[in-house]
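Undergrad: I'd like to go over a predicted model; first the sequence, then the structure.
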Amino acid sequence: MTNKIDRLKSKNNARNFINSHCGMEGSSIVESDKLDITRFLGALKKINSYNRKIEPVRKLDLTSNKDELPKWTKSNFTWLLGKKCYFLFDEYTLIGFDFYNVDGFLSAMESLNGNKDVVLFIFDPDVLVVISDDEYSISYYEVYI
């Protein structure tokens, strides 16, 4: 019973999140067990492991280049414009959306996560896109699954 209530709360919270943020046109809410993201999560685990098994495509040193961060981050996402993307809202829910507004999306992610971290699942082709905000640098990963 609790699991069902948690899932309903999750969907409601996701709906509220979508309605209060721009940058996610054509949004849909998908239960996390309805999409197979196992391979994506395996790659994400390799990125987040202590001894990273996957190297970033690009990295920005924040100690000397902090002013470049917005432009750098935006440039990493321009290839996604017009694509259907998904992100894990919480353990029960994924939000799917058509990527059209980079600034609005990045603002929404920062309000959700409280940091600059972003994890996107793209199908067709299967690609995991990750922005990882470390203490002194920020890294961009693009992993074809």
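TA: Happy to help now that I have it. Residues are numbered from 1 along each chain as shown.
Undergrad: Show me which positions of the helix or strand of the chain with the lowest mean pLDDT end up buried.
TA: Taking mean pLDDT, DSSP states H and E as the measure, the helix or strand of the chain with the lowest value is helix 62-65, at a mean of 85. Neighbour counts over helix 62-65 (16 or more other CB atoms under 10 Å) mark Leu62 as buried. All C-beta spots, glycine's among them, are computed from the backbone N, C-alpha and C.
Undergrad: could you say what helices and strands whatever helix or strand comes next after it packs with?
TA: Downstream of helix 62-65, the next assigned helix or strand under DSSP states H and E is helix 69-77. The criterion is 3 or more CB pairs under 8 Å, 6 or more residues apart in numbering; DSSP states H and E, and the helices and strands that helix 69-77 contacts are strand 58-61, helix 102-113, strand 127-133, strand 137-144.
Undergrad: rerun at 7 Å
TA: strand 58-61, helix 102-113 (3 or more CB pairs under 7 Å, 6 or more residues apart in numbering; DSSP states H and E).
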